[in-house]
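Let's see this in three dimensions:
(one chain, ligands or ions: 1)
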Amino acid sequence: MTEFDIVGADAIREGRATDAYFLRTEEALRGADRNPHVACEVTADQFPTGEFELLAGLQNAANLLEGLPIDADAIPEGTLFDGGPVLRIEGNYLDFARYESALLGFLSHASAVATAALEVRRAAPDSNVLSFGARHVHPALGGMIERSALVGGLDGFSNVAAGDLLGKEASGTMPHALSICFGRGNQERAWRAFDDAVDESVPRIALCDTYSDEVDEVLRAVETLGDDLDGVRLDTTGSRRGDFRHIVREVTWELAARDLPEIDVFLSGGLGPADLRDLRDVADGFGVGGYVSNADPVDFALDIVEVDAEPAAKRGKLSGTKEVYRTDDGGHHVGLRGREGPENGESLMEPLIRDGEVVREFGVDAAAKRALADAGRTGFGAE
Ligand SMILES: O=P(O)(O)OC[C@H]1O[C@H](OP(=O)(O)OP(=O)(O)O)[C@H](O)[C@@H]1O
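Numbering: from 1, shown residues only. The predicted structure follows:
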């Protein structure tokens, strides 16, 4: 094994990040001198289910397929779907068979993370929400996690290496370790050390739950940093949490009662969409980790739907190449390609690769914008 058990980019590019049966299939087809022209589609559900998911990971998929003698079409990154194809590949089967495993992995994991991020985004549309969850997954996945969190509309992320990949700076506050390094009861020294040493462009958000009551620590942080303090983070541990909303309101109340300036209150620790809905009117921002990073991968499969231009599929899957449409009412529709679609249906499948060349631009910001607009149209995560 390698030092960190990472399957590297070269192995993925060579099609070694595959299931062994694809390599056996290559041998069998070559032995029989059979290499049909096929159309394959990636789907999670055949017909619309009403349960939307958000497509992400498409740039990785395009990079994987680049240079192969195939054509591909896909819905845009940042599009919600609840059935039908998200990606179609057309070419001779042996030219791309071994890439199925990696292709599905790219799309399944990134789409799951982006979907969870969009749920979170919709739960607190006006709050500053950061992705804190890369720590829960293999560090090699940090870039994928944080990029997908941004596609789902989150405002930022904490993973530094992901920031290097994405060309965006990681954000965050301070860990409990900082206070603990100064010893019990010495939180003031920790907050001051941070303020003294860290670049002034970094907001001063004091973590205020390490040793004592949140109100007590917040008042002490205000006293310590004065006007330099931008906000506080409460990450109250589960065993002490009780009524988190009450704790936050109490903090705000006690600041006001002393005529102290309003500061931002940032919350974290095991939060999900329901928590954000409950807390969004009493807090300014949230750090969300596991809910986003630990999302279960979307159950994508890649299936042959045409062989030599004739409909073909295993049972349970729909043969024939398809088109998917978004209608004004937010509906997602699946129909056979080349047939009439629904009235006012916007066709979502667009060229991705033509004869091996990637013919689409990718942008995280554009995908996030699309995701938010699509969430508005479809009602995804609304409440
Ligand atoms: O619970 P999640 O939503 O997955 O959030 C991710 C982590 O972010 C917070 O950690 P913090 O920075 O406070 O960690 P620390 O206790 O190690 O300092 C929180 O306590 C979680 O452990």
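
Which single helix of the chain contains the most residues?
Taking DSSP state H as the criterion, the chain has its longest helix at helix 100-123.

interface residues of the stretch 251-383 of the chain facing the ligand?
Those residues of the stretch 251-383 of the chain that sit near the ligand, judged by Cβ under 6 Å from any ligand atom, are 268-271, 287-290. For glycine as for every other residue, the C-beta is placed from the backbone atoms N, C-alpha and C.

Of the residues you listed - the most surrounded one?
The member of these surrounded by the most neighbours (other Cβ atoms under 10 Å) is Val288, with 30 neighbours in all.

Glu41 and Gly142, how far apart?
Between Glu41 and Gly142 the computed distance is 30 Å (Cβ to Cβ, to the nearest Å).

Show me which of these two is the more surrounded one.
Glu41 (27 against 24).

Does that one have any beta-bridge partners, and if so which?
Arg88, Asp303 (DSSP bridges).

you'd agree it is up against Gly83?
No - using Cβ atoms under 8 Å, Glu41 is not in contact with Gly83, being 11.6 Å away.

mean confidence for the longest helix of the chain?
Across helix 100-123, the average pLDDT comes to 98.

For the closest residue to Lys317 other than its chain neighbours, give me its contacts.
Spatial nearest neighbour of Lys317, chain neighbours left out: Asp303 (4.7 Å); criterion: Cβ to Cβ, 6 or more residues apart in numbering. Contacts for Asp303 (Cβ atoms under 8 Å, 6 or more residues apart in numbering) come out as 40-41, 43, 313-314, 317.

Check this structure for the residue nearest the ligand and tell me.
Of all residues in the chain, the one sitting closest to the ligand is Gly289 (2.3 Å; Cβ to the nearest ligand atom).

can you map out the helices along the stretch 201-350 of the chain?
In the stretch 201-350 of the chain, the segments counted as helices under DSSP state H, counting those that start in this stretch are 214-225, 238-241, 244-257, 273-279, 290-293.

of all those helices, which lies closest to Gly163?
helix 290-293 (15.6 Å; Cβ to Cβ).

on contacts alone, who are the packing partners of the closest one?
Using 3 or more Cβ pairs under 8 Å, 6 or more residues apart in numbering; DSSP states H and E, the elements in contact with helix 290-293 are helix 100-123, helix 142-151.

Kindly recompute the last result at 6 Å.
helix 100-123 (3 or more Cβ pairs under 6 Å, 6 or more residues apart in numbering; DSSP states H and E).

The helix it packs on vs helix 142-151, what angle?
Going by axes from the mean of the first three to the mean of the last three Cα atoms, to 10 degrees, helix 100-123 is angled at 40 degrees with respect to helix 142-151.

List the buried residues for helix 100-123?
By neighbour count on 16 or more other Cβ atoms under 10 Å, the buried set for helix 100-123 is 100-123.

where does the residue nearest to Leu165 when sequence neighbours are not counted land on pLDDT?
Closest residue in space to Leu165, ignoring its immediate chain neighbours: Gly143 at 4.3 Å, by Cβ to Cβ, 6+ apart. If you check Gly143, the pLDDT there is 98.

where in this structure is pLDDT low?
When residues are selected by pLDDT under 70, none of them lie in the chain.

Residue ranges of each domain in it, please.
Following automatic domain parsing, one gets these domains for the chain: 9-113+296-378, 172-293.

Contacts for stretch 104-116, please.
Contact with stretch 104-116 is made by 53-57, 60-61, 144-145, 148, 151-152, 291-292, 295-298, 300, as judged by Cβ atoms under 6 Å, 6 or more residues apart in numbering.

Over to Leu352. Which of the three states is it?
Classification of Leu352 using DSSP: H, G, I helix; E, B strand; the rest coil returns strand.

who touches it in this structure?
62, 72-74, 360.

Show me which residues of the stretch 1-150 of the chain sit near the ligand.
Counting by Cβ under 6 Å from any ligand atom, the residues of the stretch 1-150 of the chain near the ligand are 132-133.

Now do the helices in the stretch 1-150 of the chain.
9-13, 20-31, 58-65, 100-123, 142-151.

who touches the closest residue to the residue of the chain closest to the ligand other than its chain neighbours in this structure?
Excluding the flanking residues, the one nearest Gly289 by Cβ to Cβ, 6+ apart is Gly133, at 3.4 Å. Residues near Gly133 by Cβ under 6 Å, 6+ apart: 289-290, 292-293.

Give me the distance between Cys40 and Ser108.
16 Å.

For Arg326, name its beta-bridge partners.
According to DSSP bridges, beta-bridge pairing links Arg326 with His332, Glu346.

that older thread, dump the contacts of Gly133 to TSV, plus distance to Phe47.
Output for those, formatted as TSV (distance: Cβ to Cβ, whole Å):
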residue	distance to Phe47
Gly289	34
Gly290	32
Val292	28
Ser293	30
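
Nearest to Pro48 among those?
Nearest to Pro48 among the contacts of Gly133: Val292, at 24.9 Å, using Cβ to Cβ.

Am I right that that closest one is in contact with Arg121?
No - if you go by Cβ atoms under 6 Å, Val292 and Arg121 don't touch, sitting 9.8 Å apart.
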